[in-house]
Each structure stands twice: as structure tokens, then as C-alpha cells.
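Q: Structure of the sequence below:
(2 chains)
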Amino acid sequence: MNDQIMRRAAFDLLIFLAAVGGTYAAQQADRPITGVLIFLTGVILIAFRSGLTSALIAAVTASCVYNFFLSEPAYRFGITTVDEAVPLLAFNTAAILAGALVGRLRDSALKAYNAQSETAFLLTISDRLQSAVRLREVEEAIRGIIPRQGVNSVEIFLAKGNSYVRPSNDEIELDKLDPFLEEAEPNHKASKPVFLELTGARGTLGLVKFRLADGAADRSLMSNLKSITALLALAIERCLLLDEAAEAKAATRSELLKDALLSSVSHDLRTPLTVIQAAAGALQSGELHLGEDDRRKFLGNILDQCARLDRYTSELLDVGQIQSGIAEDQLEIVDFNEIVRLAMKHAKSVHPELSFKRIMPPAPTLVRANGAMLEQAVYNVIDNAQKFGGQNGPVMIDLSCSEDRVILSVTDDGPGICEHERPHVFTRFFKGGEDSSKSGMGLGLFIAKGFIEAFSGTVAIESPIDCGKGARLIIELPLVQSADLAAA
Amino acid sequence: MNILIIDDEPSIIETLRPVLASIGHEVIAANDGAQALRAIESAALDLVLLDLGLPDTDGCDLIAPIKMTAKSSLIVISARHLEKDKVRALDLGADDYVDKPFGLGELLARIRVIERRRAEITGSQVKRYASDELVVDLATREVILMDEPIHLSPKEFALFELLVRNSGQVVTQRQMMIAGWASPIVDGQYLRSYMAMLREKLEADPSDPELILTEPGVGYRLARVLEPEA
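A: Reported below is the predicted structural model:
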């Protein structure tokens, strides 16, 4: 900065000396008017380059130099003729006018430049804030462009009840006064902070704390800070509104889900109860004249629905078991072959019309699981195959071993599962197909997956298998190695 | 009557069919919305028992076609005991509702009310309603309870008349508001205070009503079934 001034002054001096030289030469050539004009040009040039102060210095010096050295009588001050007075007047008037004009011009140019850079600064801030969609991003966004324009740092304090929160780190400032306390370090020579209130459409949002660069606290900066604060308030308010909208949406979604679950459970539990109550009511009623066949049918219905309620109850208990987790001490080493045979027998007793085609290795395949739960899982998978395909042909049971895993695939040749339903088959309360009377509570595959995963296995579904038909459920479990057996 | 049962649960249909047949009704069954719509188009129906939870449609969407096309009466049967569902179904035109599981006696009683009401609609213009203890004359606006004339204000009579015309069936708050104030958006407090005044005049013990029952969240029901007279 100083360097620049020095250079400018040196250049001005050079112009001045050149003007003196030119004038002297003109005087020597006996052209006094040309001499005065050259001198005047020099003064105007200096005024134009360096403003009012330099112009006045140049003018006064020029007056003295002209009067002393150049005008007759030389080497003596004094105004004796009009020829001596006019140049003095001309030099000073020209210098003052040119200097003032140049000064004004330069000031307004500087102002325009400053205003432009302020506008650009505000625009940059506004652009940055546009991209912030979360509260913590607001401060980050503005940090990237500061320090600039006399602002060293910005901190946002959001009002939250009786305290302030820094959104950048979610730190809760317990005291309302905290933002105003200065860091106690003695060598911390930060400039004085400026606090401005963040005001949104719904009132006060909090505070913003600016730290300014040294000596940068002029009036235009304050209006700048106000603009920044307004932009921040807008961005913060937008983030708050976005948060609220997201929360409201999530609440609606969970409400819908809860509604759907409740409606599903109430439907599934009340339907068998309805049949039982209506059938029992009919049997008890004296006004109805029912035949022996009807009475037998009602009793059969009642027993069927009791069995259904019992099944739902154990399914709900199984889900509870999955949710609370299966403890290590409930696990034992079991033969998966035997478990699969048990599950097939179980399925056959429930659905006597069911037939199987099976490929199973003769040797035991040992896995670490809970026998009863594993049987339930395999039964659920077979039951599912029966429900959605069993009528058309036998259910394929294929048990095979890889090096360290045992793989059971259960395949039906039913209509298969359409693509949009496939991701949901393991979801709780998902019921496939249009015919809801076929399905139970929609818990079977959810329970199978939950149990198998508790035994470190996986369950997957493939559908369609061939010609756009059929579904295959694949259970994989880690085999127990003989080394583990010895250890166990 | 010709009764259509719309329910996705075969065991419920299997149970209700012989029961309703044994008391002389013809029973048709539909397992889903599509079958129901076909049945509504093709058969002459007197009553539809509609389960709201159908696999392919929202049961409420069937109410309008049932009322418009089949012009039958409608009892909603639902396992979701949600007041807003019942109110919606009733305001859409359902005549009554029964919660699952239901006592068979209760369902049969509701069906009898519907049967009587249909006979009345097909018969001549009704001028009087009467039971053993209560007589309501619509023309002279007289109410006689246990041989005692009861004076009702015009608004009280308007509300009571709606209950009487639907005796034995539920009437929603919205229907009551339209009857009393010609607007469904009246402050519920007005309705409650008028119902309290009606009970004061008509109930033996207004704090334990036996005639005008409240159906929580839904509306009111006149517990006595009154016989229409010409």
C-alpha cells in the first residue's frame, strides 16, 4: 500500500520536474506563454493522477518555483507585474478545480466498485445458502466464503426454548448469555463481535454473531451485515419448514403403517371369532330349524376356526420370539435332513392332498439351530408352496451340500410371484395374491426368514422358474464342520 | 328376502348361508368386489351384508352401486371397529352396521328391522309409528309415551322424527344435524344439548337412557322398533 503511494508520489515528482524543465526551456527560447502552459499542464496532470491534495501541493510548489526561478525578476519572490500574478492564480485555480473533479470521479468509481463487490458478495452468499437444505449446512455454506468484505467469522445461534443451539454441531448452549461471553484467553485479540437478530416470518429465530476485521466497522458494512442476516434468516426458515414437512410426512407414513397393521391383525383375529360366534349362536338358537347336516357343518367350522386361531396365536408368538432375539443357549446341533423330513410329515398331516418329489442326501447334514424353530421355518416354506402352487403338482424338495453350506430348495409350479410383489414376500403381514382367504396372517415367510437368519442362514426367492411359472424358496445354512463338532 | 353376502372369508359365508336359508331368505354370495358388482347387476336384491375389508376393493366403494343399481338395503359388517369407517359407510348410504364378531341374534334382529322397513317403503304413506308404550303421529306432531302426551319443541320433534323413522337403526350425527339444522357442520354441542333435552322428556332415567342410545363416535339409535301405521 505504502509502496504504491511512494511510487505514485515519485511519478508525480517526475512530471513536476519535467514540467519545470519544459517551462525553463520555453523561457530560454523566449516563449513565456508556452512555458506557463506547459507548467499548467503538468499541474493538471498531477491533479488528474493523484487527486486534490497532490494537486494543491503541486500548485503551491509550482507557484513558488515559477515566481522564484522562472518569472522576471528571477531568484526573487514577489509579485510586481500582472504577468507574475496571472500564472499564480491560474495554477491554483486549475489545480483546485481539476483535483476536486478527479477526486469526485475517483470516489464515485470506488463507491461503484465497492457496491458491485458487495452485491457480488451477497449474491454468492445467497447462491450458497440456496443449496443448504439442512440447518447444519447453513453455517457451512457461509463459512466457505468468509473471511471476506471485512467479516472474519460468522456464528449462528438458534433459539430453542430457553437456550441457544449451534446448528453446525448441535451443541446446546445452556445459557442465554453464552453467545455474548468472550473467550477468556488473554492473548485472544479478536475484534469486537457484532450481534444481529435472525427474524423470520414466525418471529425470532435466534442470533448471528459476526466477527469483523480490524477497523472495518463502517456504516456500509453494517447494512451489509443486515443483508447477510436477512439471507441467513431466510435460509434457516426454509430449512426449518423443510424439516417440519419431512416430519409431518414421516408421521403420516408411520400412522398409515400402524393403521394397516392394526387392521390386518384385527381382521385376521376377528374373522375366525366371527365364524365361531355365529355358528355357536346358530346351534344354540331355538328359532332356527337346522338340519343335522348343518349342525355337523357348524361344529366342524367351529373346530376349524379354533385351530386357525391357535395357529395365528403361535405365529404371533413366533414373531415376538424373533423380535426379542433367539438366545445362544436355545441352539443345538441338529440334523437338517431329519428336520426337513419332519416338516414334510407335518405339512402332509395338515394338507393330506399334498405330494412331494424329493432329492435328499442319505448322510446327516448337521447345522446349528433350534430344532423346533427350524422345523417351523421349513414347514412355513412348504406350507407357502402348497398354498400358492401345490394343487397343480408335487412340491419339489431338493437338499444338497456345498463345501460349508447346506442348501434346501422348495419349488412349486404355481403361477409364481409377480415382480412387484417379490420384494415384499418376506415382509410382515404381506399377503400374496388376490385371494386373501387362502393366506393366513401373512407371517409365514417372515417367520421363516427371521428364524433362518437367527441361525446365520439366508432365505431367498426365485420366481418365475420356467415358462413364467413357479416359485422357488432357497434356504441356506452353514454346515457344522467336524472340527466344530469336536470342539463342541 | 334376497340377501347378498359380500365377504372374502368362505367360512363366514358357509356359516351364514344355512342360517339365513333356514329362516326363509335366498342367499347369494360374493368373495370380492368384482363378483359383488356382477351380483348387484344381475340379481334382484333386498339386502346386502357388506364386509368392508375386501381383497380387491374398499368396501365403501360398493355402497353407491348397491344403493343406486340394486336399490337394496345395506348392513355393513366390519372387523375394523373404527368409528370413522362406520360413519363414512353410513353417510354413504348404509342402513346399519354390525361389528365382527357379532352375536347371531343381534344380526338377525337387524335384518328383521330392515325387512320391516322395506315392507313399509313399498306400502302406503306412513302417518303414525307405534309400539306398546310409544306413539308418534307425524301428521299432528304428537308424541304419546305411556298414554302421557309429551310436548316437543319443533327442533326436538325434527330430531326425534328422524330417530323414529329409523327406529332400531343407527342414525349418524351428520344425518341428525341435517334434520335439525339443515347443515352438516353444526357445532356438535348443539346436537348433544338437544339430545339431552329429548332424554329429559322421554327417558325414565335420563342419566341411564334406555330409549335413545348413543353409538359412541357414530350417532344415535332408537332402541324400540316402532310399527308404521298408515
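
Q: what separates A:Ile302 from B:Leu202, distance-wise?
A: To B:Leu202, A:Ile302 is 42 Å away according to CB to CB, to the nearest Å. Every C-beta, even on glycine, is put in place using the N, C-alpha and C of the backbone.

Q: Given the least confident helix or strand in chain B by mean pLDDT, what are its sheet partners and their directions?
A: Ranked by mean pLDDT, DSSP states H and E, the weakest helix or strand in chain B is strand B:227-229, scoring a mean of 82. When pairing is defined by DSSP bridges, strand B:227-229 lines up against strand B:128-130 (antiparallel).

Q: can you give me phi and psi for the most centrally placed residue in chain A?
A: For chain A, A:Arg134 is the residue whose C-alpha lies nearest the centre (CA atoms, centre = their mean; 6.2 Å). In terms of degrees, to the nearest 10, the main-chain angles of A:Arg134 are phi -120, psi 150.

Q: ok, now which ones touch it?
A: A:239, A:242-243 (CB atoms under 8 Å, 6 or more residues apart in numbering or on different chains).

Q: Run through who's touching the helix ranked longest in chain B.
A: In chain B, with assignment by DSSP state H, the single longest helix is helix B:104-122. Residues outside helix B:104-122 that contact it (CB under 8 Å, 6+ apart) are A:277-278, A:281-282, A:285, A:287, B:1, B:3, B:19-20, B:23, B:25, B:46-47, B:73, B:75, B:95-96, B:98, B:126, B:167-169, B:225, B:227-228.

Q: What sits closest to the closest residue to chain A within chain B if chain neighbours are left out?
A: Chain B approaches chain A most closely through B:Leu104 (3.0 Å), counting by CB to the nearest CB. Leaving aside its chain neighbours, B:Leu104 sits nearest to A:Gly281 (3.0 Å; criterion: CB to CB, 6 or more residues apart in numbering or on different chains).

Q: Relative to B:Leu20, how far out is A:Leu290?
A: 12 Å.

Q: Which one of the residues in the stretch 101-250 of chain A is closest to chain B?
A: For the stretch 101-250 of chain A, CB to the nearest CB, closest residue to chain B: A:Ala248, 19.8 Å.

Q: Run through the neighbouring helices and strands of the biggest helix by length in chain A.
A: The helix spanning the most residues in chain A, taking DSSP H as the definition, is helix A:219-284. Counting contacts by 3 or more CB pairs under 8 Å, 6 or more residues apart in numbering or on different chains; DSSP states H and E, helix A:219-284 packs against helix A:82-130, helix A:135-143, strand A:151-160, strand A:193-200, strand A:203-212, helix A:292-324, helix B:10-22, helix B:104-122.

Q: could those be laid out in a markdown table, adding distance to A:Ser266?
A: What follows is the helices and strands packed on helix A:219-284, written out as a markdown table (distance: least, CB to CB, whole Å):
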| stretch | distance to A:Ser266 |
| --- | --- |
| helix A:82-130 | 48 |
| helix A:135-143 | 41 |
| strand A:151-160 | 41 |
| strand A:193-200 | 44 |
| strand A:203-212 | 45 |
| helix A:292-324 | 12 |
| helix B:10-22 | 15 |
| helix B:104-122 | 19 |
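
Q: Can you tell me which of the ones you listed is nearest to B:Pro209?
A: Among the helices and strands packed on helix A:219-284, helix B:104-122 comes nearest to B:Pro209, with 19.0 Å by CB to CB.

Q: May I see the buried residues of the closest one?
A: B:104, B:107-108, B:110-111, B:113-114, B:116-118, B:120 (16 or more other CB atoms under 10 Å in any protein chain shown).

Q: ok so, going back, then the longest helix of chain B to PDB, C-alphas only?
A: Provided in PDB are the C-alpha atoms of helix B:104-122 (Å, rounded to 0.1, in the frame of the first residue of the first chain):
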ATOM      1  CA  LEU B 104     -76.200 -64.200  15.600                       C
ATOM      2  CA  GLY B 105     -79.300 -62.900  17.500                       C
ATOM      3  CA  GLU B 106     -78.100 -59.300  17.000                       C
ATOM      4  CA  LEU B 107     -77.600 -59.800  13.300                       C
ATOM      5  CA  LEU B 108     -80.900 -61.400  12.800                       C
ATOM      6  CA  ALA B 109     -82.700 -58.600  14.700                       C
ATOM      7  CA  ARG B 110     -81.000 -56.000  12.500                       C
ATOM      8  CA  ILE B 111     -82.100 -58.000   9.400                       C
ATOM      9  CA  ARG B 112     -85.700 -58.100  10.700                       C
ATOM     10  CA  VAL B 113     -85.700 -54.300  11.200                       C
ATOM     11  CA  ILE B 114     -84.600 -53.900   7.500                       C
ATOM     12  CA  GLU B 115     -87.200 -56.400   6.400                       C
ATOM     13  CA  ARG B 116     -90.000 -54.400   8.200                       C
ATOM     14  CA  ARG B 117     -88.700 -51.100   6.800                       C
ATOM     15  CA  ARG B 118     -88.700 -52.400   3.300                       C
ATOM     16  CA  ALA B 119     -92.300 -53.500   3.700                       C
ATOM     17  CA  GLU B 120     -93.100 -50.100   4.900                       C
ATOM     18  CA  ILE B 121     -91.400 -48.300   2.000                       C
ATOM     19  CA  THR B 122     -93.300 -50.500  -0.500                       C
END
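
Q: That helix to helix B:10-22, inter-axis angle?
A: Here helix B:104-122 runs at an angle of 60 degrees relative to helix B:10-22 (axes from the mean of the first three to the mean of the last three CA atoms, to 10 degrees).

Q: the inter-axis angle of helix B:104-122 versus helix A:219-284?
A: 100 degrees.

Q: A helix includes B:Tyr190, no?
A: Yes - judged by DSSP: H, G, I helix; E, B strand; the rest coil, B:Tyr190 forms part of a helix.

Q: Just list whatever residues bridge to A:Pro193.
A: A:Arg211.

Q: Let me see the confidence value for it.
A: pLDDT for A:Pro193: 78.

Q: wait, which of the helices and strands packed on helix A:219-284 is closest to A:His420?
A: helix A:292-324 (24.5 Å).

Q: So which bits of chain B are right by chain A?
A: Applying CB under 8 Å from any CB of the partner chain, we find that chain B lies next to chain A at B:8-12, B:14-16, B:18-19, B:22-23, B:31-32, B:53, B:55-56, B:79-81, B:100-105, B:107-108.

Q: Show the buried residues in those.
A: For those, buried by 16+ other CB under 10 Å: B:8-9, B:11-12, B:14-16, B:18-19, B:22, B:31-32, B:53, B:55, B:79-80, B:100-102, B:104, B:107-108.

Q: Is residue 75 in a helix, a strand, or coil?
A: You didn't pick a chain, so chain A it is. coil.

Q: I was after chain B.
A: Quick answer, by three-state DSSP: B:Ile75 is strand.

Q: If you drop the residues flanking it in sequence, what lies closest to it?
A: Per CB to CB, 6+ apart, closest to B:Ile75 is B:Asp96, 4.9 Å.

Q: what ranges do the helices span in chain B?
A: B:10-22, B:33-42, B:63-65, B:83-91, B:104-122, B:154-165, B:173-181, B:188-202.

Q: Report the angle between the fifth one and helix B:154-165.
A: Helix B:104-122 and helix B:154-165 meet at an angle of 110 degrees, taking the same axes, to 10 degrees as the criterion.
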